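Trainee: Sequence plus predicted model, see below.
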Amino acid sequence: MSISHVVGYPRIGADRELKRAVEAYWQGALSRESLEAAGRELRTRHWADQREAGLDLVTVGDFAFYDQVLDLSVTLGAVPARFAAETEVAAGEVDLDTTFRMARGRAPRGEPAAACEMTKYFDTNYHYLVPELHAGQSFRLASSRLFDQVAEAQALGHAVKVTLLGPLTWLWLGKARDEGFDRLSLLEALLPVYGELLARLAEQGVEWVQLEEPALVQDLPREWQQAYEAAYSVLGRAPVKLLLASYFGGLGDNLGLAVGLPVAGLHIDAVRAPEQLAAVLDRLPTYKVLSVGAIDGRNIWRADLALLRERLAQARIRLGQRLWIASSCSLLHVPVDLEREIELDPELKSWLAFARQKLDETVTLARLLGGSATQVDHERLEAATLALQARRDSPRIHRPEVADRLAGVEPLDHERASSYPKRALAQRRALDLPLFPTTTIGSFPQTDEIRAARRALKAGELSLEAYEARMREEIAYAVARQEALGLDMLVHGEPERNDMVEYFGERLDGYAFTRFGWVQSYGSRCVKPPVIVGDVSRPDPMTVRWSQYAQSLTDRPMKGMLTGPVTMLQWAFVRDDQPRETTCRQIALALRDEVRDLEAAGIRAIQIDEPALREGLPLRQGEWQAYLDWAVACFRLSAAGVRDETQIHTHMCYSEFNDIIDSIAALDADVITIETSRSNMELLDAFQDFAYPNDIGPGVYDIHSPNIPAVEWMVTLMEKAAERIPAERLWINPDCGLKTRRWEEVEPALANMVEAARQLRRRLG
């Protein structure tokens with residue numbers, strides 16, 4: 001039969017046990033020993049899930065207390081000097097608290113330091129810690145955690161496959177700290193450590209090591225392609241079998257390179273790029289295994305097992321037992337277990353599969369192809385076929401009035417009435433803001449009291465009237481604190497919102513929600529993406545009364561806060577029966593109605609956040625423009641229906657802008673706020689080189705770290721910004737929302753930020 005496995009499995013736990021354990025450790029409420037025990041318990045459970053489902057190989061190496069890329073950096077000894085203690089260097093083992101300080105700037109032990117940069121992992125909403133690379137860097141095996149986890153799994157009797165990010169992709173994801181430094185020059189020093197690592201795994205009895213090289217689905221310069229050949233000619237001599245894993249797209253012009261590397265097997269993504277299967281089959285050497293990623297690792301719709309069996313039948317004939325069946329990528333990107341959703345609408349539930357169910361789908365498909373299907377497998381096949389047909393026929397999917405409205409959109413619906421210079425004059429008169437105006441990105445701390453009130457409302461222990469009264473109290477508190485701190489443009493703090501996407505999805509037709517559909521975004525931060533089931537529309541205003549109430553409490557301008565159409569699309573599990581562009585345009589029209597209602601209610605500034613704009617960019621540059629055209633059009637459709645005096649803001653975080661700066665300018669937002677604190681204002685180079693025409697708020701402090709930024713630090717950052725952007729077009733703000741922070745961290749940080757603005761006005765005004 002065909003071997004079945006998955007590229008990786010979620011690590012957070014069905015009840016987010018990892019999140020709770022890690023945060024308790026950070027807060028001093030859990031010991032190191034108890035944290036380690038919680039990690040072992042989760043790994044044991046997740047390996048048992050894979051074995052009980054019938055997978056032939058259990059994946060080890062996908063667990064991390066914060067991030068797997070960060071763990072690999074630590075394993076390779078790539079620890080920046082500001083974190084490494086002399087005792088660690090001498091002992092050769094990097095402490096877990098050092099890992100946490102790299103991730104968030106602070107840990108229970110060790111001196112605080114500036115955290116490592118964080119950004120999106122390829123085109124996902126998962127964030128990784130960027131490896132810091134520099135000339136003359138050396139590497140060594142500096143952590144035994146991977147080997148310890150292999151020993152754990154083996155002691156439990158599992159057939160182990162180890163997964164590890166490959167050396168070229170690790171370098172590809174890294175960032176050089178020295179201008180002009182070539183990251184690829186570090187490969188020669190890196191390969192011996194990988195060789196030592198693989199040799200250690202072989203000594204433990206590991207047969208297969210999955211080296212993940214998703215960089216192969218992107219446009220690689222010729223020197224990087226050549227580096228793959230050189231690197232794997234070395235790694236291919238390791239005493240283990242290597243499974244080269246690509247995912248998130250097709251190999252494209254790297255297909256010949258990938259099939260020719262001296263490894264024992266190749267994994268391809270047949271969900272994102274099903275068309276590549278035939279070409280790979282034609283070129284795969286006869287001694288190699290082909291692992292076909294047939295089960296979608298990034299969306300939650302049930303697999304069409306009948307279609308997949310038909311599609312892969314020829315591959316089975318040609319490859320025999322050399323055909324492996326797998327998830328397309330790690331199941332990290334989907335929730336853990338659908339069976340927890342006992343309150344979910346049964347019809348919708350029958351259309352879905354979470355990580356645990358995808359294990360069953362993987363095993364059943366492998367058995368159907370291998371001729372060893374059981375009665376249970378045939379029952380799963382029949383159930384999947386019936387559910388898919390029911391979904392296609394369901395009246396909840398298509399709404400003619402939504403399609404009719406979308407068909408009636410005109411080109412002028414995407415245009416503001418006046419150009420930015422004219423709008424800027426009108427807005428300065430209307431808003432009367434000082435030089436270097438200060439603001440925040442939108443959210444303030446979601447306190448235990450706020451969360452308790454939300455839980456009580458859901459449990460029926462608190463009436464809606466009482467809940468809303470509590471939220472008005474929280475809004476009043478946030479407004480008063482902002483006024484006391486001296487902020488210039490205020491926000492209402494969003495206490496009533498559970499999540500920036502979920503909140504809006506709950507108020508739009510066409511969305512559905514789970515209770516336990518959590519996925520990891522970064523570290524201990526988990527999100528619960530909504531499910532876009534059918535056509536999207538807005539039945540009623542969503543935010544107007546909250547913003548209107550907040551504005552009634554102050555004479556200062558109050559921003560209305562919305563999540564943009566591209567982010568509403570990207571951060572949801574999206575229907576797969578129509579183009580993503582069509583769904584995004586539907587969302588844009590719904591938000592357009594909200595924007596116009598906010599303006600009519602007296603809100604003079606409206607922020608439409610698009611942190612996922614860059615995330616949605618296709619991994620191949622040749623596909624960029626088509627995406628950017630419709631993504632920009634959707635934002636403009638949502639924002640363009642207001643008067644000149646109404647200021648439109650947008651926010652983007654953890655993105656590189658250099659190669660799409662013209663599209664960001666095409667959004668035509670009056671003010672854009674971006675993350676720059678961890679990158680030391682490097683991202684502003686793109687806005688300078690392009691001569692970005694509108695206002696910019698570069699984030700001056702890292703909200704993902706509990707460290708309080710110094711006034712001098714923020715002044716220095718803004719002086720760097722003023723060298724690139726005219727001072728009259730600069731705003732001062734944090735780099736993201738403050739939802740995850742505590743008030744005792746937020747208030748001194750914002751006080752320092754306001755003082756920095758005052759000093760800048762004196763120096764540069």
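Mentor: Received the coordinates, thanks.

Trainee: So for Gly370, what's the nearest residue that isn't a sequence neighbour?
Mentor: Met1 (3.1 Å; C-beta to C-beta, 6 or more residues apart in numbering). The C-beta positions use only the backbone N, C-alpha and C, and glycine is treated the same way.

Trainee: Against Leu462, how distant is the one you found?
Mentor: 54 Å (C-beta to C-beta, to the nearest Å).

Trainee: Likewise for Gln314?
Mentor: 59 Å.

Trainee: Which one's more surrounded, those two?
Mentor: Neighbours were counted for Gln314 and for Leu462 using other C-beta atoms under 10 Å; Leu462 has more, 18 against 12.

Trainee: can you pull out the helices in the stretch 551-700 of the chain?
Mentor: 565-570, 580-600, 624-639, 661-666, 684-689 (DSSP state H, counting those that start in this stretch).

Trainee: for the stretch 401-550 of the chain, same thing?
Mentor: Using DSSP H, counting those that start in this stretch, helices in the stretch 401-550 of the chain cover 420-431, 448-458, 464-485, 502-505, 544-552.

Trainee: if we can go back for a sec, would you mind finding the most buried of the helices of the stretch 551-700 of the chain?
Mentor: Highest mean neighbour count of the helices of the stretch 551-700 of the chain: helix 565-570, a mean of 28 (counted as mean count of other C-beta atoms under 10 Å).

Trainee: Can you show me the CA trace of it as CSV?
Mentor: Output of helix 565-570 as CSV, limited to C-alpha atoms (Å, rounded to 0.1, in the frame of the first residue of the first chain):
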residue,chain,number,x,y,z
PRO,A,565,-11.7,43.3,2.5
VAL,A,566,-8.4,41.6,1.6
THR,A,567,-7.7,40.8,5.3
MET,A,568,-11.3,39.6,5.8
LEU,A,569,-10.6,37.2,3.0
GLN,A,570,-7.1,36.2,3.9
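
Trainee: still on that earlier bit, go ahead and confirm the residue nearest to Gly370 touches Leu368.
Mentor: No - checked against C-beta atoms under 8 Å, the pair Met1 and Leu368 is beyond contact range at 9.8 Å.

Trainee: Give me the more crowded residue out of the two.
Mentor: Between Met1 and Leu368, counting by other C-beta under 10 Å, Leu368 is the more crowded of the two (24 against 17).

Trainee: tell me the pLDDT at the more buried one?
Mentor: pLDDT for Leu368: 97.

Trainee: By mean pLDDT, point me to the weakest helix or strand of the protein.
Mentor: In the chain, no helix or strand scores lower on mean pLDDT, DSSP states H and E than helix 86-91, which sits at a mean of 52.

Trainee: Tell me the spacing between the spatially most central residue of the chain and Thr567.
Mentor: With distances taken as C-alpha atoms, centre = their mean, the residue of the chain nearest its centroid is Asn125 (1.6 Å). Remark: distance between Asn125 and Thr567 (C-beta to C-beta) = 9 Å.

Trainee: Any idea how many residues pack against Arg762?
Mentor: Using other C-beta under 10 Å, Arg762 has 8 neighbouring residues.

Trainee: same check, this time on Glu494
Mentor: For Glu494, the neighbour count with other C-beta under 10 Å is 25.

Trainee: Glu461 now?
Mentor: 11.

Trainee: And the pLDDT at it?
Mentor: Glu461 is assigned a predicted lDDT (pLDDT) of 95.

Trainee: Assign Thr119 to helix, strand or coil.
Mentor: With DSSP: H, G, I helix; E, B strand; the rest coil as the basis, Thr119 sits in strand.
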